[in-house]
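S.K.: Here's a sequence, model it:
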Amino acid sequence: MAKHKPDREKIRKILAKRGYKNGKPPRGYDVHHIKPVEEGGKDTPKNIRVIRTTKHQQIHANRKKVGEI
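M.R.: Reported below is the predicted structural model:
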């Protein structure tokens, strides 16, 4: 099965509409998909949030521990 990749341009437009300068999260923050793209999550406003980089790393580390990734 081919891995799906986030559509960077779509994400940039979503963030720009939310008021993020140049459609990018500020330093120290990442874009996080609530439902991962690899699991069928979409690049939609409802599935994308901006969170602290450290929190993003924790989420993915915890998912690896429980075998979700």
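S.K.: going forward, measure contacts between C-alpha atoms and count neighbours the same way
M.R.: Fine.
S.K.: low-confidence ranges in this protein?
M.R.: For the chain, the stretches with pLDDT under 70 are 1-3, 67-69.
S.K.: go again using 90 as the cut-off
M.R.: Applying pLDDT under 90 to the chain flags residues 1-5, 38-39, 60, 63-69.
S.K.: So which residue is dead centre in it?
M.R.: His32 (2.3 Å; Cα atoms, centre = their mean).
S.K.: pretty sure that residue contacts Val50?
M.R.: Yes. Counting by Cα atoms under 8 Å, Val50 is a contact partner of His32 at 6.0 Å.
S.K.: thinking again about what came up before, show me what the strand or helix carrying the residue nearest to the centre of the chain is packed up against.
M.R.: Assigned by DSSP states H and E, His32 belongs to strand 29-33. Judged by 3 or more Cα pairs under 8 Å, 6 or more residues apart in numbering; DSSP states H and E, strand 29-33 is in contact with strand 48-52, helix 53-65.
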